[in-house]
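Asker: with the input below, show me the fold.
(chains A, B and C)
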Amino acid sequence: MGIDVQTILDGFFTTIQPMNLFWIALGGFLGTVVGMLPGLGPATAIALLIPITFGMEPTSALILMAAIYYGAMYGGSRSSILLNTPGDGSAIAATFDGYPMAQKGQAGQALAISAIASLIGGLIAVVGFIVLAKPLASFALRFGPAEYFLLMIFTLSAIVALAKGQMVKGFISMCIGLMISTVGIDLQTGVYRFTMGNVHLSEGIDFLVVIIGIYAVGEVLYNFLSINKPVGEKKSVGKIWITKEQWKRSKWPIIRNGPVGFLIGVLPGAGGAIASMLSYSLEKQISKQPEEFGEGAIEGLAAPESSNNAAAVGAFIPMLAMGIPGSGTTAVILGAIVMLGLKPGPLLFENNPDMVWTFVNSMFIGNLFLVILNIALVGILVKILDTPPRVLYPVIMMLAFIGTYTLGYSTVDFLILIVFGFVGLFMKMLNFPVAPLILAVIVGSDMEQNFRMSLISYPNAIGILTASPITIALVIMTIVSLGFPFLSSWLMKRKAGKNNSEAM
Amino acid sequence: MVRYITPILATLVGVIMLINAINLPKSNLGNPNGPMYFPLLIAIILIISGIVYFLQEFKARVNDFADFRALRIGKSPAYLLVSLMLMLIYTVLFDRIGFLYSTILFLAGLLFLLNGRKKWMSNIIIAVAFSFVTWYAFGTLLQVSLP
Amino acid sequence: MKKIVGVAALSFALILGACSSGNAGEKDDSAYPKKNLEFIAPATPGGGWDATARAIQKIMKEEEIIDQSMTVINKPGGNGEVGWQYLSKKDAHTLAIDSSLLITNNLLGQSDLTYEEFTPLATLTTEWISVAVKNGSPYETATDLMEQLKKDPASVKIGIAPGLGNNDHLSFVKAAKTFGVDITKLNFLVYESGGDVMTSLLGGHVDAATMAVSESAEQHLAGKFKIVAISADERLEELPDVPTWTEEGVDIVFPHWRGILGPPDMTEDEITYWNEAFSEMVETDSWKQLLENNGWEDFYQDSAETTQFLKEQNEMYTELIDESGLQK
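Answerer: Numbering: from 1, shown residues only, chains lettered A, B, ... in the order given. You can find the predicted model right below:
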């Protein structure tokens, strides 16, 4: 490909044509609005909005769809922070500290830092895209079944390890999630598992229904427990802009996790959920104040937000450089641009460099636009918190059901939604970590299929673990992440013991 | 009591999963036992975790489940039960009487439950308005095929 | 002024004429279609079936082929099963997209519906299926690959998506069977999507893969992997160097077709109406553009031909599934 500055500049000028700017703005806005609804993530948002692109220029259509994509990512974190109801897998990590921040009266700051982190993460990734697209695409190809299987194991172990001191609860939560993911037809053999004879279940349980159930419905039900308590002083939404101190705390996490998210996004089949969760656990493990995580630590929000937006940009690399859709969302986009007569593949870069660079530049401008839009919206969005909960909760419930309907067009999903609403309620009451369950549902079936394919490709377990340098590295990282909590508490005890003995 | 029930329940779920996994149909293609490997693995991890959890709880002896106390006081249990009923009714009605009417009923039901009967006027307005707006936005603008 | 009156009079006459000739033309079917038409895409938005349905809806409307408005309805689930179950209970104002899944779902024991219960209205498109090997593969041609499989059926890892019993899988099974390979021992790795298959072939994690030509052509042209055979009856324009199975000495032609299905018990008049509508539609430029963009081939057959075609397909699939070890 080679980096041709002239082509990049040409792309920039095509991007700032009024019409293309209009598509960026429209897509970003629509994406933000749709993404804010519980259960409607980027993939659904684009799928629903595809009819707009009929008859459009392929380049403009691509710009529009990409704008919807990251618009929906921004929007998804809005509802994660304000209502604890993520719209998609990649927005889940934003609830860990974003929602506690909002409850502490820092909603405005949480929204602002998430927009800034997303912008910086996105920009880092766009630069990465320009410099590294081709070599990274071929690196991603080295990930075979064994590598993916171990990457997923590593991510799960990092999330389980987050529940410090309650790791066993994390394991139980993870197992339940994995169990859910085994429902449906087994790809490798065509055998039906745990479907109870229901046609709808043969395709498995959509992880988004589980997310909406546990977060949106579960959260509302959980609040029923305290709804009769006298309302305290009115929750303040805090300042809209972040303080210097907050910026200092989140600066490095944002910059560190942009590249992390970008690299994971490039891998076809990994995606934003894995990227943001890994970033979150990375930040928690290296943080000096890990106990603040989960209680509204600003870096716990900034890190995954930077990461998931970078992953969204990274996911375009396999799509544009090799014609491989790396995620559900890029698959939908790919399908749509094929309808418009574009042939994505390894030749796209060579045959249509102008289009590719226009697109890359549009991501630059789109991210800038979205930050402005989202910061402008902060003032309006925090008003949601002023809505009396007695009115807000029914509306969230209704939106949860509609979001669910758009996923499968079947009321069977409603029953699943209700079940997981109560599962979420009980997990919250029993203080069980939810994240391992959700992540397990998201990656479970891929993880199993990769495991089974590895069994075919390699003679035995040792063969899988030592298949390549990548797998060996992943195995070591898994062991470290599971062992780290024990190690650090042991070190703390030793240190404490030492101090005590010195004091004596 | 609660703190013993959960681990026992987890172990029990693991055992059920184990039995079900063993009884999965054999595959005609490739490895006949292929479909059961992964479920078996999960079941075993779950059983082990359940037992470890039980032992931990047994050792700990202290635990606070403030949330469960909330279940015994006030209207909370009633809220949970009634909203469960409403959700189930909604599920049944959705395909029968269509999106718009069932959603109005569902929303109105929840609002009357939470917001109280005294504000009946605003409840009805909110229910109708929100249902109509979403029906229009999804059905017409986004062309989602709603019943 | 006179001019305007003249134009007005002329257009009035034209409208009258148009109306009366319209009435004359519709004499037979004036009763059909009576109300809005429903068009079922048995999939969620964003997939090929949904896109096809919406494209047909758009062409039918813009080219004014049908007067009644047509609404696309998504009924995803069970490889089309949910949508076709819905169709089986409707009257002649509902149509659905179908494909060979209608036949294979039943043969694989995943559905009680058979194609015979419905009224086949048309076959519209086909895609051809390619078999590709990775770069640096020891198998230069499809014959090499098949010789190896004959020696040791389990020695080659073959990537397919998105499930066993689909066209990509069965076309390979049919070719192998025709060549004399023991097809029950073939070693398939099943991926979730065509993109995943492509990735694994590019990365060399499988030895061969089967996918639609529209998915693999660009990679072949760029020299990222090599297509060794296609399931078409003759070589394709865009891939002049790729032989068909027949040329490789394996006598098969295997289309991956899509068509239109009507509910049970449609009348002769209703069938005639759709024969006319679809034969008109496939001649439009926008339809041809759609085919080209998606890499589909025109495969139009009217209702009677389609009925016969489905019967042949059913026999072919029955035999294939019986022998592949897939049958429940």
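Asker: what residues are up against C:Leu236?
Answerer: C:128, C:213, C:230, C:242 (CB atoms under 8 Å, 6 or more residues apart in numbering or on different chains). Heads up, the C-betas are built off the backbone N, CA and C, glycines and all.
Asker: residue ranges in the stretch 51-200 of chain C under the pLDDT threshold?
Answerer: For the stretch 51-200 of chain C, no stretch is flagged by pLDDT under 70.
Asker: write out the residues of it neighbouring chain A.
Answerer: Remark: the part of the stretch 51-200 of chain C in contact with chain A comprises C:51, C:54-55, C:58, C:74-78, C:81-82, C:85, C:108, C:110, C:157, C:162-165, C:187-193, C:195-196, C:198-200, using CB under 8 Å from any CB of the partner chain.
Asker: C:Leu37 contacts C:Ser69, doesn't it?
Answerer: Yes. The pair C:Leu37 / C:Ser69 is scored as a contact, 7.2 Å apart, by CB atoms under 8 Å.
Asker: which one of those two has more residues nearby?
Answerer: C:Leu37 (17 against 12; other CB atoms under 10 Å in any protein chain shown).
Asker: mind checking how far that one is from B:Gln143?
Answerer: When CB to CB, to the nearest Å is the yardstick, C:Leu37 and B:Gln143 sit 15 Å from each other.
Asker: find the nearest non-adjacent residue to the closest residue to chain C within chain A, please.
Answerer: Per CB to the nearest CB, A:Gly345 is where chain A lies closest to chain C, at 2.7 Å. Nearest residue to A:Gly345 in three dimensions, chain neighbours excluded: C:Glu218, at 2.7 Å (CB to CB, 6 or more residues apart in numbering or on different chains).
Asker: how many neighbours does A:Phe154 have?
Answerer: For A:Phe154, using other CB under 10 Å, the count is 22.
Asker: mind telling me what element it is part of?
Answerer: helix A:145-162 (DSSP states H and E).
Asker: any residue of that helix touching chain B?
Answerer: No. Among the residues of helix A:145-162, none lie within reach of chain B under CB under 8 Å from any CB; the closest is 10.1 Å away.
Asker: wait, does that helix contact chain C?
Answerer: Yes. Using CB under 8 Å from any CB, helix A:145-162 comes into contact with chain C via A:Pro145.
Asker: buried ones in whichever helix or strand comes after that helix?
Answerer: Counting by DSSP H and E, the next helix or strand C-terminal to helix A:145-162 is helix A:167-181. In terms of neighbour count (16 or more other CB atoms under 10 Å in any protein chain shown), helix A:167-181 has its buried residues at A:167-181.
Asker: mind checking the pLDDT average for helix A:167-181?
Answerer: The predicted model gives helix A:167-181 an average pLDDT of 90.
Asker: alpha carbons only: can I get that helix in CSV?
Answerer: What follows is helix A:167-181, C-alpha atoms only, in CSV (Å, rounded to 0.1, in the frame of the first residue of the first chain):
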residue,chain,number,x,y,z
MET,A,167,-13.0,-15.0,43.0
VAL,A,168,-15.1,-18.0,43.5
LYS,A,169,-18.2,-16.0,43.0
GLY,A,170,-16.7,-14.8,39.7
PHE,A,171,-16.1,-18.4,38.7
ILE,A,172,-19.7,-19.3,39.4
SER,A,173,-20.9,-16.3,37.5
MET,A,174,-18.7,-17.2,34.6
CYS,A,175,-19.9,-20.8,34.5
ILE,A,176,-23.5,-19.7,34.3
GLY,A,177,-22.7,-17.4,31.4
LEU,A,178,-20.9,-20.2,29.6
MET,A,179,-23.8,-22.5,30.2
ILE,A,180,-26.1,-20.0,28.5
SER,A,181,-23.8,-19.9,25.5
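Asker: and that helix with chain B, contact?
Answerer: Yes. On the criterion CB under 8 Å from any CB, helix A:167-181 is in touch with chain B at A:168-169, A:171-172, A:175-176, A:178-179.
Asker: same check, this time on stretch A:47-63
Answerer: Yes. Using CB under 8 Å from any CB, stretch A:47-63 comes into contact with chain B via A:48-49, A:51.
Asker: which residues are contacting that stretch?
Answerer: A:14-15, A:19-20, A:23-24, A:27, A:30, A:34, A:40, A:64-65, A:68, A:332-333, A:336-337, A:339-342, A:355, A:358-359, A:362, A:366, A:406, B:142-144, C:44-46, C:50-51, C:54, C:58.
Asker: check the stretch 201-328 of chain C for the residue nearest chain B and tell me.
Answerer: C:Gly325 (4.7 Å).
Asker: coming back round to it: nearest to A:Glu291, out of the residues of helix A:167-181 next to chain B: which one, please.
Answerer: A:Lys169 (17.6 Å; CB to CB).
Asker: isn't the closest one right up against B:Tyr53?
Answerer: Yes. Using CB under 8 Å, A:Lys169 is in contact with B:Tyr53, at 6.8 Å.
Asker: can you name the element that comes right after the lowest-mean-pLDDT helix or strand in chain B?
Answerer: One helix or strand of chain B scores below all others by mean pLDDT, DSSP states H and E: helix B:66-72, with a mean of 63. Following helix B:66-72 in sequence order, the next helix or strand is helix B:76-97 (DSSP H and E).
Asker: what helices and strands are in contact with that following helix?
Answerer: helix A:218-224, helix A:389-408, helix A:412-429, helix B:99-115 (3 or more CB pairs under 8 Å, 6 or more residues apart in numbering or on different chains; DSSP states H and E).
Asker: got the angle for that helix vs helix A:389-408?
Answerer: 40 degrees (axes from the mean of the first three to the mean of the last three CA atoms, to 10 degrees).
Asker: could you dump stretch A:142-159 to CSV, C-alpha only?
Answerer: What follows is stretch A:142-159, C-alpha atoms only, in CSV (Å, rounded to 0.1, in the frame of the first residue of the first chain):
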residue,chain,number,x,y,z
ARG,A,142,-1.7,-15.6,12.6
PHE,A,143,-4.5,-16.0,15.1
GLY,A,144,-5.9,-19.5,14.6
PRO,A,145,-8.3,-21.5,16.7
ALA,A,146,-5.8,-22.1,19.5
GLU,A,147,-4.8,-18.4,19.7
TYR,A,148,-8.4,-17.3,19.9
PHE,A,149,-9.4,-19.9,22.4
LEU,A,150,-6.5,-18.8,24.7
LEU,A,151,-7.2,-15.1,24.2
MET,A,152,-10.8,-15.7,25.4
ILE,A,153,-9.6,-17.7,28.3
PHE,A,154,-7.2,-14.9,29.2
THR,A,155,-10.0,-12.2,29.0
LEU,A,156,-12.3,-14.3,31.1
SER,A,157,-9.6,-14.9,33.7
ALA,A,158,-8.8,-11.2,33.9
ILE,A,159,-12.4,-10.4,34.5
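Asker: that one: which residues count as buried?
Answerer: Buried-residue list, stretch A:142-159, by 16+ other CB under 10 Å: A:143-159.
Asker: for stretch B:9-29, same thing?
Answerer: B:10-11, B:13-14, B:17-18, B:20-21, B:24, B:27-29.
Asker: give me the subset of those lying in helices.
Answerer: B:10-11, B:13-14, B:17-18, B:20-21 (DSSP state H).
Asker: filter those by proximity to chain A?
Answerer: Among those, chain A is touched by B:10, B:13-14, B:17, B:20 when using CB under 8 Å from any CB.
Asker: the residues you listed: which two are farthest apart?
Answerer: Taking CB to CB, no two of these sit farther apart than B:Ala10 and B:Asn20, at 15.8 Å.
Asker: circling back: with distance to A:Lys284 as added columns, please give the buried residues of stretch B:9-29 in JSON lines.
Answerer: Formatted as JSON lines, the buried residues of stretch B:9-29 follow (distance: CB to CB, whole Å):
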{"residue": "B:Ala10", "distance to A:Lys284": "25"}
{"residue": "B:Thr11", "distance to A:Lys284": "29"}
{"residue": "B:Val13", "distance to A:Lys284": "29"}
{"residue": "B:Gly14", "distance to A:Lys284": "29"}
{"residue": "B:Met17", "distance to A:Lys284": "31"}
{"residue": "B:Leu18", "distance to A:Lys284": "34"}
{"residue": "B:Asn20", "distance to A:Lys284": "36"}
{"residue": "B:Ala21", "distance to A:Lys284": "34"}
{"residue": "B:Leu24", "distance to A:Lys284": "38"}
{"residue": "B:Ser27", "distance to A:Lys284": "42"}
{"residue": "B:Asn28", "distance to A:Lys284": "47"}
{"residue": "B:Leu29", "distance to A:Lys284": "44"}
